[in-house]
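Participant: Quick one, what's the 3D model for this:
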Amino acid sequence: MDHLLRMSGISKSFPGVKALQDVSFDLMQGELHALVGENGAGKSTLMKILSGLYKSDTGDIFLHGKRMAATGLKEMITAGIGVIYQELNLISHLSVAENIFIGREPRHAIGTIDWKTLHQAAREVLKPFELDLDPRQKVYTLGPAHQQIVEIAKALSLKAEILVMDEPTAALTGNEVDRLFRIIQKLKSSGVSIIYISHRLEEVQSLADRITVLRDGKVIVTERCGEMSTDEMIKHMVGRTLKEKFPRYESAPGEEVLRVENLTRKGACDHVSFSLRSGEILGFTGLVGAGRTEIMETIYGCKRKDSGEIILNGESVSIRSCKDAVQKGIGLIPEERKRQGLILGLSVFDNAALAVLDRYSKIGILQRKKISREVQHMIDSMDIKTPSYRQLVRNLSGGNQQKVVLAKWFLRHCKVYIFDEPTRGIDVGAKVEIYKLMQNLARNGSAVIMISSELPEVMNISDRIAVVFNGRIVKEFNKGDLSEEQVMEYSLGLHSTAADSLNDVKEDHEKH
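Facilitator: This is a model prediction of the structure:
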């Protein structure tokens, strides 16, 4: 294979942070080169320099052996570099075709869009994906997997020779991941070279030709796949041997804190019942789209329930809004931290203070000194890597952004914490830290709900597990009672009929 890309001596600094230090990275023709490392290691910064979004302080980029004199966004796109970011860059109210060819739509002589040609061009770009996807369909009606494919098609329509994929499987189910992997193999076979960023190290091992590990803005090692085990990869990433991926703790459930009875909302959840005790972690699993998030949003007041009852500390409560939930001691750490959990243009301090403004203000004046001490204590105890609490949240790594979301709710001292996909898109070291924080909450008497699509995570961290299928809990069991294969059968709706499922849940619910 020939060298297609070479990045040499790349360095980049931001205020208070040296993001990259003399990094060199290369890519061969038709190769999948995986780039791994902890959050904040410099992966995204390096790729933003490659895409032209950032300009490096020092270093050079060579394509086909020639040094690129200009490295702005337009120049890098013209050079054949396409980037698919973890947060998809699509305009939801536009069609598939419009998103693929945005700004490059074929036009008639009078300047109006030639819709027939546009839709036909989109069909041609989508043909290799072997999907029945209508180019006229609005993007907001598509699931995560199909949106991911629209992003890939957009990059390929630009004749991209190099495709950067940042956490492409983070929001996908097992079948969707398999389909994406088949598409990746087709792209490689057609000569497209791929830079693949993922925290899912098993899929890196199965896909990559070579692997480069970054740590603290420096290249630690580059090796061919097969020459580095997953454990060795983790050691290079975190700078130490990670003794356990899932930290152990002895749970001691106390009194019932939350009980949900026959919660129903049309199109979201159907006769959902479960209980939750203090000192307990209750895991919710199931396929993406099964209704797990919708159940929690209904409990939290984001969506109005049609019927059912929510009982908190033995009393039936009315939760008609998110504000009601917060005042009653329920905190929700949302799935999409950047869109729902943070205000990226504000500082760490401002974001952490959002949930406790009512407690730290008098006659409308914020008691900044008091809350500053609390926020700084959270930064120190949670090891949030930031130059100061005045740093803008958008400048933090994904794992540290997630910790800021947690800090916001930890300051509130909630009775019930709902974590929706708390470790999505963060590295293995940060995951362990998040698990320990959740366990400490339970140890100190809070009740914890964790939604996760990663079965090993939910099976190892939870005390009890509820499996959701089509908006209903179809099985509830204690940790260790079922295998991952059995849980997947329930998740797919294969293990029992609807009537059997309801009976199972009623029996399990009565036991607890």
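Participant: hang on, Val23 packs against Ser11?
Facilitator: Yes: taking contacts as CB atoms under 8 Å, Val23 lies within contact range of Ser11: 7.3 Å. For the C-beta atoms, the positions are set from N, CA and C on the backbone; glycine is no exception.
Participant: what touches both of the two?
Facilitator: Contact criterion CB atoms under 8 Å, 6 or more residues apart in numbering; residues shared by Val23 and Ser11: Gly59.
Participant: Thr222 pairs with what?
Facilitator: For Thr222, the beta-bridge partners under DSSP bridges are Thr212.
Participant: Pick out whichever of Val23 and Ser11 has more residues nearby.
Facilitator: Val23 (23 against 16; other CB atoms under 10 Å).
Participant: Okay, strands next: where are they in the stretch 1-150 of the chain?
Facilitator: Taking DSSP state E, counting those that start in this stretch as the test, the strands found in the stretch 1-150 of the chain are 3-14, 17-28, 32-36, 58-63, 66-67, 81-84.
Participant: Need the residues that contact the first one.
Facilitator: Read that as strand 3-14. When contacts are defined by CB under 8 Å, 6+ apart, strand 3-14 is touched by residues 18-29, 31, 42, 45-46, 49-50, 54, 56-65, 161-162, 193, 395.
Participant: Just the buried residues from the residues you listed, in PyMOL please.
Facilitator: Applying 16 or more other CB atoms under 10 Å to the contacts of strand 3-14 leaves a buried subset, and the PyMOL line that selects it is:
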select buried, resi 19+20+21+23+25+26+27+31+42+45+46+49+50+54+56+59+61+63+161+162+193+395
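Participant: if we can go back for a sec, got CSV for the strands of the stretch 1-150 of the chain, with distance to Ile197 and mean pLDDT too?
Facilitator: As requested, the strands of the stretch 1-150 of the chain are exported to CSV (distance: least, CB to CB, whole Å; pLDDT from 0 to 100):
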stretch, distance to Ile197, mean pLDDT
strand 3-14, 15, 92
strand 17-28, 12, 92
strand 32-36, 5, 95
strand 58-63, 18, 95
strand 66-67, 25, 93
strand 81-84, 10, 89
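Participant: Would you reformat those strands as a markdown table and include distance to Phe410?
Facilitator: Converted to a markdown table, those look like this (distance: least, CB to CB, whole Å):
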| stretch | distance to Phe410 |
| --- | --- |
| strand 3-14 | 27 |
| strand 17-28 | 24 |
| strand 32-36 | 29 |
| strand 58-63 | 40 |
| strand 66-67 | 49 |
| strand 81-84 | 33 |
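Participant: of all the ones you listed, which lies closest to Glu374?
Facilitator: The closest of those to Glu374 is strand 17-28. By CB to CB, the value is 24.3 Å.
Participant: any low-confidence regions in the stretch 101-250 of the chain?
Facilitator: 171, 173-174, 240-243 (pLDDT under 70).
Participant: For Ala353, see how far away Lys408 is.
Facilitator: 8 Å (CB to CB, to the nearest Å).
Participant: Geometric centre of the protein: which residue is closest?
Facilitator: Closest to where the C-alpha atoms of the chain average out (CA atoms, centre = their mean) is Arg424, at 3.4 Å.
Participant: would that residue count as being in a helix?
Facilitator: No: Arg424 sits outside any helix when classified using DSSP: H, G, I helix; E, B strand; the rest coil, being coil.
Participant: That one - nearest residue in space that isn't next to it in sequence?
Facilitator: Nearest residue to Arg424 in three dimensions, chain neighbours excluded: Ala170, at 5.5 Å (CB to CB, 6 or more residues apart in numbering).
Participant: dump the residue contacts of that neighbour.
Facilitator: By CB under 8 Å, 6+ apart, the neighbours of Ala170 are 86, 424-425.
Participant: and the gap between it and Gln86?
Facilitator: Ala170 is 6 Å from Gln86, by CB to CB.
Participant: before we move on, what about Glu421?
Facilitator: Taken as CB to CB, the span from Glu421 to Gln86 is 13 Å.
Participant: higher neighbour count, those two?
Facilitator: Just comparing Glu421 and Gln86: by other CB under 10 Å the higher neighbour count belongs to Glu421, 22 against 17.
Participant: Secondary structure class of the closest residue to the more buried one other than its chain neighbours, three-state.
Facilitator: Of all residues not flanking Glu421 in the chain, Glu335 sits nearest, at 4.5 Å (CB to CB, 6+ apart). The three-state label given to Glu335 by three-state DSSP is coil.
Participant: Tell me where the model's unsure across the stretch 351-500 of the chain.
Facilitator: For the stretch 351-500 of the chain, the ranges with pLDDT under 70 are 495-500.
Participant: which residues of it fall in helices?
Facilitator: For the stretch 351-500 of the chain, helices defined by DSSP state H, counting those that start in this stretch occupy the ranges 368-381, 398-410, 428-443, 455-461, 484-491, 498-511.
Participant: again, but for the stretch 201-350 of the chain
Facilitator: Under DSSP H, counting those that start in this stretch, the stretch 201-350 of the chain gives helices at 201-207, 230-238, 292-300, 322-327, 348-353.
Participant: Confirm for me that the residue nearest to Glu421 is in contact with Arg292.
Facilitator: No: using CB under 8 Å, Glu335 makes no contact with Arg292, being 9.4 Å away.
Participant: Thank you kindly, that will do.
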